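Undergrad: the following block contains a protein sequence and its predicted model.
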Amino acid sequence: MVSNLKEIEEKVKIPKNPYDIKITNIVFGVDLSGSVPLDRIANTLEDAEYEPESFPGLVYRIVDYGATALVFTSGMCILSGVNTVEKAYQAAKKMIEDFKSVGVKFEKEPKMKIVNLVISANIKKPLDLNRIVYELGDCEYEPEQFPGLIHRMEDTGVVILIFNSGRVIVTGSKDVKKSLKSIQLLEKRLEDIGAIIK
């Protein structure tokens, strides 16, 4: 069904690393290669919601895979709620079968791409968040509202949520290797500013 599956699988391969990296969510863009009659789908499929007055896309729940798709008339769709390429592939396949069952025709094989990866990892050392917010730059930290610090890493384009336990969540990457590189860079910078508690 998807012609570029191997290329996508390469992007989510987790290289050997000391951070216990886990993929928690992958957001995919799926090009269905043809326009989609959102009204017809909403009127005939029970897992579809379409309220064009409030949002231009159709929300389609692929319950068997715990995935949700936002589908637009153009045939572009955003698929989220999965943490493996295999689940995304199966969810997209099920959605396309459902759409075909109500007479939607697609011109060619759909194409998938990763739009955003969310990974969790652990630096495994306690961190001084107050020092990080003053020394690192590009940080937001309001401990009364949320225990994590948000760091925008401009040079790699990711956003990292940092907790004082050493746990981190990295978002904004489309490749696990880039996420890993960002964590390595972060750890080095935290050492340089003395934010790792010995």
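TA: Perfect, thanks for sending it. Residues are numbered from 1 along each chain as shown.
Undergrad: okay, now the domains of the protein?
TA: 5-12+26-115, 123-192 (automatic domain parsing).
Undergrad: JSON lines for the ones you listed, including mean pLDDT?
TA: Shown next, in JSON lines, are these (pLDDT from 0 to 100):
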{"stretch": "domain 5-12+26-115", "mean pLDDT": "91"}
{"stretch": "domain 123-192", "mean pLDDT": "96"}
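Undergrad: mind checking which of the ones you listed is nearest residue 19?
TA: In terms of Cβ to Cβ, the element of those nearest to residue 19 is domain 123-192, at 5.6 Å. Any C-beta I mention is one placed from the backbone N, CA and C, and that applies to glycine too.
Undergrad: quick one: terminal-to-terminal distance for the closest one?
TA: With Cα to Cα, to the nearest Å applied, domain 123-192 spans 15 Å between its terminal residues.
Undergrad: still on that earlier bit, save the domains of the chain as TSV, and put in distance to residue 20 and mean neighbour count too.
TA: Shown next, in TSV, are the domains of the chain (distance: least, Cβ to Cβ, whole Å; neighbours: other Cβ atoms under 10 Å):
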stretch	distance to residue 20	mean neighbour count
domain 5-12+26-115	15	16
domain 123-192	8	17
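Undergrad: what about the strands in the chain?
TA: Here the chain has its strands, by DSSP state E, at 22-31, 48-50, 58-62, 67-71, 76-82, 111-122, 139-140, 149-153, 158-162, 167-173.
Undergrad: what's the closest of the ones you listed to residue 96?
TA: strand 22-31 (8.8 Å).
Undergrad: what is that closest one packed up against?
TA: strand 76-82, helix 85-101, strand 111-122 (3 or more Cβ pairs under 8 Å, 6 or more residues apart in numbering; DSSP states H and E).
Undergrad: sorry, back to before: adding distance to residue 198, write the domains of the chain out as TSV.
TA: Shown next, in TSV, are these (distance: least, Cβ to Cβ, whole Å):
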stretch	distance to residue 198
domain 5-12+26-115	34
domain 123-192	8
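Undergrad: quick one: contacts of stretch 53-64?
TA: Residues from elsewhere that reach stretch 53-64, judged by Cβ atoms under 8 Å, 6 or more residues apart in numbering: 36, 38, 41-42, 45, 47-50, 67-73, 91, 94-95, 98.
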